[in-house]
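**Student:** The sequence isn't on hand, but the structure is:
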Ligand code: HMG
Ligand code: MG
């Protein structure tokens, strides 16, 4: 069966914007997050405390976070290492996310580390965060396919998932970073993970829509009991360190499907579409989301 309710983890302000070439002013980002919070979304990933040279678009994290920290929503932020955690905690962040890779190629490209060196880098981050009662999400990228290595073997993914959970992560997000997954692969991975003792309640899914499979993949995950789904308003996004990564599953497309299935998200679709149309005007190009296009005149 399908769940009665799904929690959407909105990543538009982080995953959505991190790859934008032109610098988006901090005030526009803050207004974007405020508008997203006004749609009923409860978890809005805000920014990343990474090295500013690696992701210049998010170099304003120190200026942005205080602008939005008073909003009555959860505002997780990405932290790759202790330096990132220090920066996030100094601003009062209560939710952080580390981001691992299932493949060596992407660990090197994204974190300048091997898979195991990256896990070793996260260990003190997770331990310190949990010591301060801060919620920790563990992203795992390249769970299905990798641009350099091709299809990713399921046992390789299971191993890193286990390592992140054993470290103390509260939840995991399974990333299809380049959008190559198909529903049968999603079912196989989730079956392997639950078979390895990973509780499905700890799992979220993070689909990019490169091949138009993100909604189908989401439905496959819901059928396996997943209730946390990542999406980005308007379908913004892409990862600067993974060639061929396009935008995430659009939050509007997700809400449209879930609404049709009678699954509650608490999100006002009209307000969300209006927010994405507003953001598209700032970015100077229309949203790629089919639902945004259908429900607006952009
Ligand atoms: P590195 O070059 O190996 O860094 O990069 P290092 O540890 O050797 O440190 C070098 C210098 O950087 C030091 O300064 C540090 O202090 C400084 P120096 O002593 O030379 O003056 N530094 C920092 N400064 C500010 N904030 C920090 C920080 N850390 C070090 N946090 C590093 C290693 C991890 C820092 C780098 O690789 C990095 O920042 N990577 C981030 C890449 C990224 O953000 N990618 C996008 C997010 S992941 C994604 O999009 C996928 C996801 O959506 C899921 C999916 O779709 O699959 C989550
Ligand atoms: Mg992503």
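**Tutor:** Thanks, I have the structure now. It should be emphasised that the depicted structure is a prediction, and the values quoted were computed from it without experimental measurement. Ligands and ions are numbered 1, 2, ... in the order given.
**Student:** Show me how far whatever helix or strand residue 188 lives in is from its chain's centre.
**Tutor:** Element membership for residue 188 (DSSP states H and E) is helix 183-195. Helix 183-195 sits 19 Å away from the centroid of its parent chain (Cα atoms, centre = their mean, to the nearest Å).
**Student:** same deal with stretch 276-284?
**Tutor:** Worked out by Cα atoms, centre = their mean, stretch 276-284 lies 20 Å from the chain centre.
**Student:** contact partners of that stretch?
**Tutor:** Stretch 276-284 is contacted by residues 12, 20, 22, 24, 28, 32, 35, 233-234, 236, 250-252, 286-287, 289, 292, 296, 298 when judged by Cβ atoms under 8 Å, 6 or more residues apart in numbering. (C-beta placed from N, C-alpha, C; glycine too.)
**Student:** Can you list the buried residues in it?
**Tutor:** Going by neighbour count (16 or more other Cβ atoms under 10 Å), the buried part of stretch 276-284 is 276-280, 283.
**Student:** Stretch 78-85 now?
**Tutor:** Buried residues in stretch 78-85 (16+ other Cβ under 10 Å): 78-81, 84-85.
**Student:** Point me to the residue of the protein nearest ligand 1.
**Tutor:** Nearest residue of the chain to ligand 1, counting by Cβ to the nearest ligand atom: residue 175, 2.5 Å away.
**Student:** Work out for me the element residue 88 sits within.
**Tutor:** For residue 88, the host element (DSSP H and E) is helix 82-90.
**Student:** Next to ligand 1, which bits of the protein? Give me the list.
**Tutor:** Proximity of the chain to ligand 1 (Cβ under 6 Å from any ligand atom) is limited to residues 15, 18, 48-51, 54-55, 78, 80-81, 83-84, 87, 99, 110-112, 139, 141, 175, 177, 206, 239, 241.
**Student:** try it again with 5 Å
**Tutor:** With Cβ under 5 Å from any ligand atom as the criterion, the chain meets ligand 1 at residues 15, 50-51, 54-55, 80, 83-84, 99, 110-112, 139, 141, 175, 177, 239.
**Student:** how about the buried residues of stretch 276-284 in a markdown table, adding pLDDT and secondary structure?
**Tutor:** Listed next are these as a markdown table, based on pLDDT from 0 to 100; DSSP: H, G, I helix; E, B strand; the rest coil:
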| residue | pLDDT | secondary structure |
| --- | --- | --- |
| 276 | 98 | helix |
| 277 | 97 | helix |
| 278 | 98 | helix |
| 279 | 97 | helix |
| 280 | 94 | helix |
| 283 | 92 | helix |
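**Student:** Report the contact partners of residue 20.
**Tutor:** Residues in contact with residue 20 (Cβ under 8 Å, 6+ apart) are 57, 283.
**Student:** now stretch 152-166, how far from the chain's geometric center?
**Tutor:** Distance of stretch 152-166 from its chain centroid, counting by Cα atoms, centre = their mean, is 18 Å.
**Student:** got the buried residues for it?
**Tutor:** Buried residues in stretch 152-166, defined by neighbour count with 16+ other Cβ under 10 Å: 152, 154, 156-158, 160-161, 163-165.
**Student:** I'd like those written out as TSV, with distance to residue 39, secondary structure and pLDDT added.
**Tutor:** Output for the buried residues of stretch 152-166, formatted as TSV (distance: Cβ to Cβ, whole Å; DSSP: H, G, I helix; E, B strand; the rest coil; pLDDT from 0 to 100):
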residue	distance to residue 39	secondary structure	pLDDT
152	34	coil	98
154	36	helix	98
156	37	helix	98
157	32	helix	98
158	35	helix	98
160	33	helix	98
161	31	helix	98
163	35	helix	98
164	30	helix	98
165	31	helix	98
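**Student:** which sections of the stretch 101-250 of the chain are below the confidence cut-off?
**Tutor:** 238-240, 242-245 (pLDDT under 70).
**Student:** sorry, back to before: from the contacts of stretch 276-284, list just the buried residues.
**Tutor:** Buried subset of those (neighbour count, 16+ other Cβ under 10 Å): 12, 20, 24, 32, 35, 233-234, 236, 250-252, 287, 289, 292, 296.
**Student:** what number of residues lie near residue 1?
**Tutor:** Residue 1: 6 surrounding residues under other Cβ atoms under 10 Å.
**Student:** Look at it and report its pLDDT.
**Tutor:** pLDDT recorded at residue 1 is 88.
**Student:** what does residue 19 give?
**Tutor:** Model confidence at residue 19, given as pLDDT, is 89.
**Student:** thought it was touching residue 48?
**Tutor:** No: applying Cβ atoms under 8 Å, one finds residue 19 not in contact with residue 48, separated by 11.9 Å.
**Student:** just to revisit the earlier point, angle of the helix or strand just after the helix holding residue 188 against helix 183-195?
**Tutor:** From helix 183-195 onward toward the C-terminus, using DSSP H and E, the following helix or strand is strand 203-207. Inter-element angle recorded for strand 203-207 and helix 183-195: 160 degrees (by axes from the mean of the first three to the mean of the last three Cα atoms, to 10 degrees).
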